[in-house]
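Undergrad: Structure for this input, please:
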Amino acid sequence: MQFQLAGLASGFDWRSMIDQLMAAERIPQQRLRADQGKNNDTRDTLELLETKMDSLKSTVGGFEGSDLYHAKATALSDENLGITAKAGTSSVEGTYEISVSQLATTSRRSGLTDVGGTLGSAASVLSNLSFAQEIDEGTVTVNGQEITIRETDTMQNVFDSISIATSGVVSASYDNLTDQVTLSSSSGELELGDTADSSNFLSVLKIDQIEVIDAGSGSSSVASTGTLGVVDLSNSIATSGIGGGSPITGSGTITINGVAISFDADTESVGTLMERVNDSAANVNMTYDSAADQFRIVSQDTGELEMPVIDSGNGIMAALGLDGSAVVGQDLQFSIDGGATISSRSNVITESSHGVTGLTITASETGTQTIGISRDSETLKEQINKFISSYNDIQDYILEKTKITVEGDDVKTSVLSGNSEVYNLDTKLRALVFNQIENLGGEIFRLEHMGIDFIDGTSKLEIKDADALDSALSIELDTLEQFFMGDVDGDGDTDESFSSRMEAFVENYIRDDGILDIQMTTLADRNKAIDERIVEMERRLEFTQSALESSFIAMENAQSNIQSQSAALDGLTLNQ
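TA: Sure, this is the predicted structure:
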């Protein structure tokens, strides 16, 4: 080791020497930290193996459940026809013909159109008027002249802008009684809109792309095609415009389908009333169409339901036009295999309606559909493939993490090469999946009997005989159920089944006090002990360093004193 010297009082670079001594003393700490790194790598590898094992356990657990072996599939004679079917596990295999002659529809009530009163005053700002939709800022064109629409404009401001832009030829007005806007041209020329227009002002006023009327004396005019004002759902019922000149005021109670719904027209909004209706047990939806300015009530259920309504004392339902007769819905009309016509409230019919066990039919159009029901083994086949994939993933991982490679004199090990428990896991898993299920009987009591075997030269599985697997899935589903999850020996449990056997084996490795957990805990304890050793070693090194520094500082002080005394003596000699 090389020591550095510096020109200190003693002429000796002792601080550098101490640093190098301490670095040499800390080499054992570096070795310990390297051991910790290896322990961490091993622990991380074991944790990932535990995760993969847990995934295998979950996959094996997927074989449990009778539905997997008794699933049914449906085939339709016309895939494009809006009559579909879903078969449950209890469905009986066979073919059924369903004929739908009438679909179930909902009962509804449609109120009066243009129910919302008027826009308001032409002197009001556009954004404050009760239009069916918001007016966009931008430009519109009248007689080839561009007019700018701003959100701060009143309707009268826009009317004045039209008159100014057309040099007084075109005038506009709003009639509060008819709730319509009229544009008049004194010259007879009246052209509305342009492809470059960026505001929807004309369309909101319902005067775009409509016929110009000859008003006589060379003049012409156009008017809104309908009333403009709509109901503001956020305003109170009394101020919403409903009822026109006779607004609805005070409290009241309406009854729909026998359910009473109360409201206060003076303090509660139309939107609040609608929410209360929709959230009630009346089982209806109340909606508002702003384009038609119309309220509707529609039953949530299909079928021939009367949907009776009783108005409130203040007459809100009459004002909305919802107090008349309802358009009553229809029941579904269908037959099975040419039998008698059957009625159903719903377009989704179950065995309680049609009598076919476990079959659910959904109709969205009329017609005749032939439905075939057969056993469905596709889900089980997918589960088998998932198991093979999960099992092979573990075998690949074990091989990668335990392999030892030799290249000449160079031997390379992997992180788990010396771990006998993990190394032997390969052969234990192989033996477990190869073993037969005792007392099962029949011709299928090993995986190989259903076409599943090991890839040559490995411990990995593959489907070697797809025909054998398809045959087992086709005609041996009951046997497969016993193989994977059955009570083979009749003792009341399924411990002897393939799934239970695999789950028990894997659980022995992954449980909290299992084989892998014990190894990971041991590694964590080793690292904790190493941390404690490093702390103790560092404490001793710091003490040693402090002692050395104190000794050399004392040496420096002594050397300095000697030099000072020598200099003083030299001064006395020179003065003589």
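Undergrad: and stretch 488-499, which residues are buried?
TA: By neighbour count with 16 or more other CB atoms under 10 Å, stretch 488-499 contains the buried residues 488, 494, 496, 497, 498, 499. Yep, even glycine has a C-beta here, placed from its N, CA and C like the rest.
Undergrad: Could you tell me what pLDDT the model assigned to the fourth one?
TA: According to the model's per-residue confidence, residue 497 sits at a pLDDT of 92.
Undergrad: Could you check how far it is from residue 18?
TA: Shown here: residue 497 relative to residue 18, a distance of 71 Å by CB to CB, to the nearest Å.
Undergrad: now do the last one
TA: Taking CB to CB as the measure, residue 499 falls 67 Å from residue 18.
Undergrad: for the residue lying closest to residue 354 once chain neighbours are set aside, what are its contacts?
TA: Of all residues beyond its chain neighbours, the one nearest residue 354 is residue 336 (5.2 Å), with distances taken as CB to CB, 6 or more residues apart in numbering. The neighbourhood of residue 336, defined by CB atoms under 8 Å, 6 or more residues apart in numbering, consists of 96, 97, 98, 342, 354, 355, 356.
Undergrad: and these, which of them are in strands?
TA: Applying DSSP state E to those, the entries found in strands are 96, 97, 98, 342.
Undergrad: Could I have the buried ones of these as ChimeraX selection syntax?
TA: The command below creates a ChimeraX selection of those among those that count as buried (16+ other CB under 10 Å):
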select :96,98,342
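Undergrad: Of the ones in strands among the contacts of residue 336, which is the nearest to residue 535?
TA: Nearest to residue 535 out of those is residue 96 (CB to CB; 78.5 Å).
Undergrad: which residues does that closest one contact?
TA: Taking CB under 8 Å, 6+ apart, one finds 336, 337, 356, 359, 370, 371, 373 in contact with residue 96.
Undergrad: Okay, and the beta partners of it?
TA: Note on residue 96: beta-bridge partners residue 371, judged by DSSP bridges.
Undergrad: likewise the one 4 residues further on?
TA: Per DSSP bridges, residues listed as beta-bridge partners of residue 100: residue 334, residue 367.
Undergrad: For it, give me its contacts.
TA: Contacts for residue 100 were tallied using CB under 8 Å, 6+ apart; they are 83, 332, 333, 334, 363, 365, 366, 367, 368, 369.
Undergrad: State the number of residues packed around the third one.
TA: Residue 333 is surrounded by 16 other residues when neighbours are defined as other CB atoms under 10 Å.
Undergrad: tell me, how many neighbours does residue 567 end up with?
TA: Taking other CB under 10 Å as the criterion, the count of residues near residue 567 is 9.
Undergrad: Could you look up the SS state of it?
TA: What DSSP: H, G, I helix; E, B strand; the rest coil gives for residue 567 is helix.
Undergrad: Now flag whichever of the contacts of residue 100 is closest to residue 152.
TA: Each of the contacts of residue 100 was scored against residue 152 by CB to CB, and residue 365 proved nearest at 52.3 Å.
Undergrad: where does the closest one fall, helix, sheet strand or coil?
TA: Each residue gets one of three states, and residue 365 gets coil by three-state DSSP.
Undergrad: Tabulate the contacts of residue 96 (a markdown table), appending pLDDT and distance to residue 261.
TA: Shown next, in a markdown table, are the contacts of residue 96 (pLDDT from 0 to 100; distance: CB to CB, whole Å):
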| residue | pLDDT | distance to residue 261 |
| --- | --- | --- |
| 336 | 95 | 41 |
| 337 | 95 | 46 |
| 356 | 91 | 41 |
| 359 | 95 | 39 |
| 370 | 97 | 47 |
| 371 | 97 | 43 |
| 373 | 95 | 46 |
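Undergrad: Next step: these restricted to helices.
TA: Secondary structure of the contacts of residue 96 is defined by DSSP state H; no position falls in helices.
Undergrad: In this structure, what residue spans correspond to helices?
TA: Listed in chain order, the helices found in the chain under DSSP H are 14-25, 27-61, 67-70, 155-165, 201-204, 270-279, 316-320, 351-354, 378-402, 420-434, 466-475, 477-485, 498-510, 515-575.
Undergrad: any idea of the pLDDT on residue 438?
TA: 85.
Undergrad: typo on my end, residue 222
TA: 89.
Undergrad: Relative to residue 452, how far out is it?
TA: Shown here: residue 222 relative to residue 452, a distance of 80 Å by CB to CB.
Undergrad: Tell me which of these two has more neighbours.
TA: More crowded of residue 222 and residue 452, by other CB under 10 Å: residue 222, with 23 against 20.
Undergrad: follow-up on the earlier one: between the ones in strands among the contacts of residue 336, which is closest to residue 522?
TA: residue 96 (63.8 Å).
Undergrad: Next, work out how far apart the closest one and residue 73 are.
TA: Relative to residue 73, residue 96 is positioned 14 Å away (criterion: CB to CB).
Undergrad: what's the overlap in contacts for those two?
TA: Contacts common to residue 96 and residue 73, judged by CB under 8 Å, 6+ apart, are residue 373.
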